[in-house]
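>>> quick one: sequence plus predicted model below, questions after.
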Amino acid sequence: MLEKPQTPASPAMAERAPRETDVEGWKREFREQLFYVLGRFPATATTNDKYLALAYTVRNHLLGRWVKTSESYYRKKVRTVAYLSAEFLLGPHLGNNLVNLGAYDTVKQAIEELGFDFQTLVDQELEPGLGHGGLGRLAACYLDSLATLQIPSIGHGIRYEFGMFEQQIRDGWQVEVADKWLRLGNPWEIRRPETAFNVGFGGHTEGYADASGRYRVRWVPARLVRGVAHDTPILGYRVNTTNMLRLWSAEAIDSFDLESFNIGDYYGAVEKKVASETISKVLYPDDTALRGKQLRLEQQYFLVACALQDMVRIHLQTAPDLTRFHEKYAVQLNDTHPALAIAELMRILVDERGMHWVPAWDVTRQTMGYTNHTLLPEALEKWSVSLFASVLPRHLEIVQEINRRFLEEIRVRYPGDDDRLRRLSLIEQTGEGWVRMAHLACVGSHAINGVAEIHSQLLKRDVLKDFSDLWPDKFHNVTNGVTPRRFLMLVNPAQARLITDAIGDFWTRDLEGLSALERMADDPGFRAQWRAVKQKNREALATEMHAKTGVVVDPDHMIDIQVKRIHEYKRQHLNLLHVITLYHRLVREGGCDAPPRTVVFAGKAAPGYTMAKRIIKLIHSVAEVVNNDRKTAGRLRVVFVPDYNVKHSQRMFPGADLSEQISLAGKEASGTGNMKFAMNGALTIGTLDGANIEIRNAVGADNFFLFGMTVDDVQRRIVQGYHPYDHYRADEELHAAIDAIANGAFSHGDRELFRPLVENLLRADPFMVLADYRSYIACQDEVGRAWRDAEHWTRTSILNVARMGRFSSDRSIRDYCRDIWHVEPVAIPD
Ligand code: NBG
């Protein structure tokens, strides 16, 4: 996109690209791809050959649109959104592209008529796991919505050769296995060896006088790495717009000259080449608390250096200089990972283009917008000054100059307020000194936003309070959303069809249209159909879970699911305490009247996060006891599904009855799984945290199971002094649940295994699991009672879906376009 097409895309060429076609057409195209691209014929083709042939067939239908889109953007010199993100958690492309093409059923039929199992081919695609969780998946949903809304845009990211690790479970413990997602080929990307830029690292800076006698600085890097573009087309839903995701891969520079090395040092020369490539080798698997890793800082700079050089190149194709760069590009920084873009753009403008500081700063600030995704202090990025200086010496000088000028302004505005200066500074003066990336992002952007209303408020109240006092108008909220194409139409075709049969298909273009479904909630016939769809989805999920874990799941159970990264603040252990409590009630004489339920967990723990890994072990240990106890047979099951990722999530959302969104209030910035579950008809049990609050407002308090402390309650408890042990002492069931863990009831008598977890809960309990326990149990009891009234439950489920329109990522993108980017759609003609 926005590139000068190398061979001009003539209308004739675009016309030759395949367009809508029928079953016979798809069959023909598929056979051609299998033969001409893969050199196979059906009888000998492997599943992967057939998957690739199908992927290329579908891709061909994207390419014509892609070329037209680029050409159109190029011709109209459009203002473009550049979404910079260190993570894009795309999920498999094939099914999604078929939905967006409007060709899913036709292609399925074509493949089946050829005698192949369509689902097997779809399942063959490996997950491109280029992200950890919410933040990366959000970026992917936004690409889908940007294309669907016909917004000129491009995503820039890193083409990690190894994405998020594959999670295996051995003896109940997580084991990380390298994810070789590219091993069978990636048919969706096009490598662009000529769209490549050098990126410098290390070295030193030099001052000099330029031709006009002005003092200038140049950076002399110690080493160069080459970033090569790999482009993936991103098709919008039922439109021609096909935007681009451009992922950068690190290679040794072309001019690498073996001759210049001592002949005997051939090995050393090759080693250098390998070292260059490590930059995009692997995604750091820690989602929080990542600090001090030089390679991670290099990755961040690599991304922004490639992205900005590319943008500058494109801008200069039609503009004489960079003074209006901000009119051409709206750059969005997805968290602070790409915040170095601020310093890099300043370096390009001032050092390389000779602009004066003040106008360059103006351009930079007007270009950048910053989205914050977390309130957790340990997740706020900072880099030690010494590391920063060794990797990016010129950028450190620029950050220091930005800071000097910024603090100058603060001194004028708040004379004598040294404390405020210290708080606002881009450099934290503790120990060796730290560069605060969130501060750089705030100072260098024209807009700052949180990802749910409460999160945006808390940013202003706590984490970024001084910035909000300074520039209240810079602060916005854009509540997250998710794409209903992937997370409803693709994953839950039966529910989608039922909705369309009832109210028409308007909702697929404007999710607010789902509100027409409200009246269906009172129709008993419709409710029966709704239940039947859910039943089928539960059966599919039960089959899959059985295949993956060996646990037999009864699809008549209530399916209660918590899937997300494993983290103490998300409180999977609170969920477990409920499971143990239920178990105790069931085995006690007389049992209890709770309806049968299967509690499902899935999620990855950061490899170095031992407490999270112990929680995974505890889930397995509890499952082993509960699932093997005859007294709970038919009443309670616990399942941990390994290797949670986008692909594997897609069967979980439709099969869920109950969605667990139980973080401690004030900790989950937004959550997006909460939205995916609700769109698929699950009811939510949740705290007043993140987007749960807005979901509850939308679906109605009666249709949401609320429990737990509010943000203010939490604050008060901290001020009063929180003593988790008091809860343990006072609550019999809690006491029993914790004792069971401590006494080895789930660990074959081993009292040591879970000691760190128990001690942590009793002595510190930083996420107030014990304080919320009783309220959670009471709420779960209410869930149990509600489940017994199937008609009422179904009605609530329908109302939840009918009222989820606001949580489409289309709405989020419209908000960004209106409030932050000021960009307009550009329709791409046929
Ligand atoms: C996550 C938050 C989630 C939020 C997503 C997307 C990070 C750093 N943050 O609550 O924890 O939904 O971002 O905004 O991954």
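Alright, I've got the coordinates.

>>> from now on I want contacts and neighbour counts done on CA atoms only, so please keep to that.
Will do.

>>> ok, now how distant is whatever residue of the stretch 601-750 of the chain ends up closest to the ligand from residue 649?
Closest residue of the stretch 601-750 of the chain to the ligand, CA to the nearest ligand atom: residue 671 (3.3 Å). Residue 671 is 15 Å from residue 649, where distance means CA to CA, to the nearest Å.

>>> thought residue 614 was touching residue 754, still the case?
Yes: Residue 754 lies in contact with residue 614 (CA atoms under 8 Å); the separation is 7.3 Å.

>>> looking at residue 671 and residue 649, which is more packed in?
Between residue 671 and residue 649, residue 671 has the larger neighbour count (other CA atoms under 10 Å), namely 25 against 21.

>>> who's in contact with residue 53?
30-31, 33-34, 37-38 (CA atoms under 8 Å, 6 or more residues apart in numbering).

>>> next SSE after the one helix or strand residue 51 maps to?
Per DSSP states H and E: residue 51 is located in helix 47-76. Downstream of helix 47-76, the first helix or strand assigned by DSSP H and E is strand 80-84.

>>> is any residue of that next one near the ligand?
No: on the criterion CA under 6 Å from any ligand atom, strand 80-84 is out of touch with the ligand, staying 13.9 Å away.

>>> listing partners with orientation, what would you give for the helix or strand following that strand?
The helix or strand immediately downstream of strand 80-84 is strand 88-89, counting by DSSP H and E. Paired with strand 88-89 in the same sheet, following DSSP bridges, are strand 129-130 (antiparallel).

>>> report how many residues lie close to whatever residue of the stretch 351-500 of the chain ends up closest to the ligand.
Evaluated by CA to the nearest ligand atom, the stretch 351-500 of the chain has residue 373 as its residue closest to the ligand, separated by 4.3 Å. Residues lying near residue 373 (other CA under 10 Å) number 24.

>>> again, but for residue 208
If we define neighbours as other CA under 10 Å, then residue 208 has 11 of them.

>>> which elements pack onto the host helix or strand of it?
Assigned by DSSP H and E, residue 208 belongs to strand 204-209. Contact here means 3 or more CA pairs under 8 Å, 6 or more residues apart in numbering; DSSP states H and E; on that basis strand 204-209 packs against strand 215-220, helix 393-413.

>>> go through that strand and flag the buried ones.
residue 204 (16 or more other CA atoms under 10 Å).

>>> now the angle from that strand to helix 393-413?
Relative orientation of strand 204-209 versus helix 393-413 (axes from the mean of the first three to the mean of the last three CA atoms, to 10 degrees): 70 degrees.

>>> what's in contact with strand 204-209?
215-222, 393-394.

>>> cool, stretch 672-684 as well?
Under the contact criterion CA under 8 Å, 6+ apart, stretch 672-684 has outside partners 134, 138, 480-482, 487-488, 492, 495, 563-564, 653-654, 656-661, 691-692, 695, 703-705, 796-798, 800-801, 804, 807.

>>> now the angle from the helix holding residue 51 to strand 80-84?
140 degrees.

>>> only whichever of the contacts of stretch 672-684 are buried, select them in ChimeraX.
Buried members of the contacts of stretch 672-684, defined by 16+ other CA under 10 Å, are picked up in ChimeraX with:
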select :134,138,480,481,482,487,488,492,495,563,564,653,654,656,657,658,659,660,661,691,692,695,703,704,705,796,797,798,800,801,804,807
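
>>> of the contacts of stretch 672-684, list those near the ligand.
Answer for those near the ligand (CA under 6 Å from any ligand atom): 134, 138.

>>> other residues contacting stretch 186-202?
Residues outside stretch 186-202 that contact it (CA under 8 Å, 6+ apart) are 52, 55-56, 59, 93, 221-233, 253, 298, 302, 305-306, 309-310, 389-393.

>>> equivalent analysis for stretch 101-110, please.
Contacts to stretch 101-110, defined as CA under 8 Å, 6+ apart, come from residues 22-24, 26-27, 95, 98, 118, 235, 237-239.

>>> cutoff 10 Å now
19-28, 30, 54, 58, 61-62, 94-99, 111-119, 122, 235-240, 490 (CA atoms under 10 Å, 6 or more residues apart in numbering).
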